[in-house]
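**Student:** sequence and predicted structure are below.
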Amino acid sequence: MISQEQLINWTNDCIKDESLFVVSVKIKDDDISVFIDGDNGVSIDNCSEISSCLNKILEENISDNYNLTVSSYGLGSPLKLIRQYKNHINDEVAVVLKNKEKISGVISKVNDENFELIETKKIKKEIQTITHCINYNDVKTTKQIIKF
């Protein structure tokens, strides 16, 4: 069977649109799942093109039978990559830290080590704004808050 690293490399070879990127891959028994995201979203056509390319590579390089799924990284799924955080600047998110603290706010800045989250709280009938600088290593999950 193939490694996750090899699958990521092959997927990157199949991605022709520079705004698309691999978020994660999963290999379990004969099921292979590839999750992609994009700076401007991901279309069904994007997934189909990557799937066709990846199927050709897999057929040439592995002899095992497999089931391949290529899909967009779902709305409401946790952010995993710094690039995703950058795409969510000015979006409201819910962050759960490894120490179990929960913070909700708007991502205002992102760099390679941490991101800035602006939290607005009502304390004693007064609205206060708190700026948090959060290191990625301290984050358990970050999810976009979706409002309709």
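**Tutor:** Great, that's in hand.
**Student:** can you get me a residue count around residue 84?
**Tutor:** 19 (other C-beta atoms under 10 Å). For the C-beta atoms, the positions are set from N, CA and C on the backbone; glycine is no exception.
**Student:** so it touches residue 22, yeah?
**Tutor:** No - counting by C-beta atoms under 8 Å, residue 84 does not reach residue 22; the two are 11.5 Å apart.
**Student:** in PDB, list the C-alpha atoms belonging to the longest helix along the chain.
**Tutor:** With DSSP state H setting the assignment, residue counts place helix 44-61 as the longest helix in the chain. The C-alpha atoms that make up helix 44-61 are tabulated as PDB, following Å, rounded to 0.1, in the frame of the first residue of the first chain:
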ATOM      1  CA  ILE A  44     -17.200  19.400  -8.300                       C
ATOM      2  CA  ASP A  45     -15.100  19.800 -11.500                       C
ATOM      3  CA  ASN A  46     -12.000  20.400  -9.500                       C
ATOM      4  CA  CYS A  47     -12.600  17.200  -7.500                       C
ATOM      5  CA  SER A  48     -13.400  15.200 -10.700                       C
ATOM      6  CA  GLU A  49     -10.200  16.400 -12.500                       C
ATOM      7  CA  ILE A  50      -8.000  15.500  -9.500                       C
ATOM      8  CA  SER A  51      -9.700  12.200  -9.000                       C
ATOM      9  CA  SER A  52      -9.200  11.200 -12.700                       C
ATOM     10  CA  CYS A  53      -5.500  12.200 -12.600                       C
ATOM     11  CA  LEU A  54      -5.000  10.400  -9.200                       C
ATOM     12  CA  ASN A  55      -6.700   7.300 -10.400                       C
ATOM     13  CA  LYS A  56      -4.300   7.000 -13.400                       C
ATOM     14  CA  ILE A  57      -1.300   7.400 -11.000                       C
ATOM     15  CA  LEU A  58      -2.700   4.900  -8.600                       C
ATOM     16  CA  GLU A  59      -3.300   2.300 -11.300                       C
ATOM     17  CA  GLU A  60       0.300   2.700 -12.500                       C
ATOM     18  CA  ASN A  61       1.800   2.500  -9.100                       C
END
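**Student:** hmm, who's touching it?
**Tutor:** Residues outside helix 44-61 that contact it (C-beta atoms under 8 Å, 6 or more residues apart in numbering) are 2, 10-11, 13-17, 20, 32, 34, 36, 38, 66, 68-72.
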